[in-house]
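[1] Following is a predicted model, sequence given first.
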Amino acid sequence: MIKGIIFDMDGLLIDTEKYYFRYWIESAEEFGFSMKPHHALAVRSLSSVYAQRYLKKALGENFDYYAVRARRRELIHEAIEKFGIKLKYGAAELLQYCMDNGVLTAVATATITENAVKHLEKAGISDMFSEIVGGDSIKNGKPAPDIYLNAAEKLGLDTCSCIALEDSPNGIISAFSAGCRPVMVPDLSEPEEMLKPLLYDCVPTLIHVIDILKRERVGK
């Protein structure tokens, strides 16, 4: 029985992953580094420990990860203030379906908790989650399983009774390692072949997750 859904946030619930992608590249360029699109894609939802290691290997040991990341955050904040935050298609409908059918909901995001709450408030859905778990709440970020284990525990559920919704490979690995049922809702990229064995399902939009819930026993 599915009793809960744990949601990633950026690129899954809200249309912000495009900002992270764009401003990684632009911020790196400001510091004199030629970051390629595949570099920015590779660090989606990746914890800072792994992201720093990857980018230093790809761009050189003198790549100042934290300075570039800080600049990226400034640019993202400016973009959000200017353009606002849009929900991904089907987010509101899926969350309402969960509320109507007793499916518990949580957010598990690499974004720090304070900013995650602010973004969800801007999107008008912060009160539709029982728990919001940010990357600063756990020791080991994605792709480690910690954040999904923590979110399921806060919901009072076993991970095997939780669907995990993700748009990135690192998030899928994290959810699978935690024992959740990973469902990919692609945003910037489709799942690679090596990722497919980890997936419980893959659907084009969040509205299609309702179909998964309808075919399963759901609720408390």
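    The structure has been received and is ready for your questions.
[2] residue ranges of the strands in this structure, please?
    4-7, 104-108, 131-133, 162-166, 181-184, 201-202 (DSSP state E).
[3] which outside residues touch the shortest one?
    Where contact means Cβ atoms under 8 Å, 6 or more residues apart in numbering, the residues beyond strand 201-202 that reach it are Arg181, Val183, Met184, Val185, Pro186, Pro191, Lys196, Ile212. To be clear about C-beta, it is placed using only N, CA and C from the backbone, and glycine gets the same treatment.
[4] hang on, the earlier thing: tabulate the strands of the chain (a markdown table), appending mean neighbour count and mean pLDDT.
    Listed next are the strands of the chain as a markdown table, based on neighbours: other Cβ atoms under 10 Å; pLDDT from 0 to 100:
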| stretch | mean neighbour count | mean pLDDT |
| --- | --- | --- |
| strand 4-7 | 28 | 98 |
| strand 104-108 | 27 | 98 |
| strand 131-133 | 22 | 97 |
| strand 162-166 | 28 | 98 |
| strand 181-184 | 24 | 98 |
| strand 201-202 | 16 | 97 |
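[5] would you list those strands in JSON lines and tack on distance to Ala151?
    Listed next are the strands of the chain as JSON lines, based on distance: least, Cβ to Cβ, whole Å:
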{"stretch": "strand 4-7", "distance to Ala151": "5"}
{"stretch": "strand 104-108", "distance to Ala151": "4"}
{"stretch": "strand 131-133", "distance to Ala151": "5"}
{"stretch": "strand 162-166", "distance to Ala151": "8"}
{"stretch": "strand 181-184", "distance to Ala151": "13"}
{"stretch": "strand 201-202", "distance to Ala151": "19"}
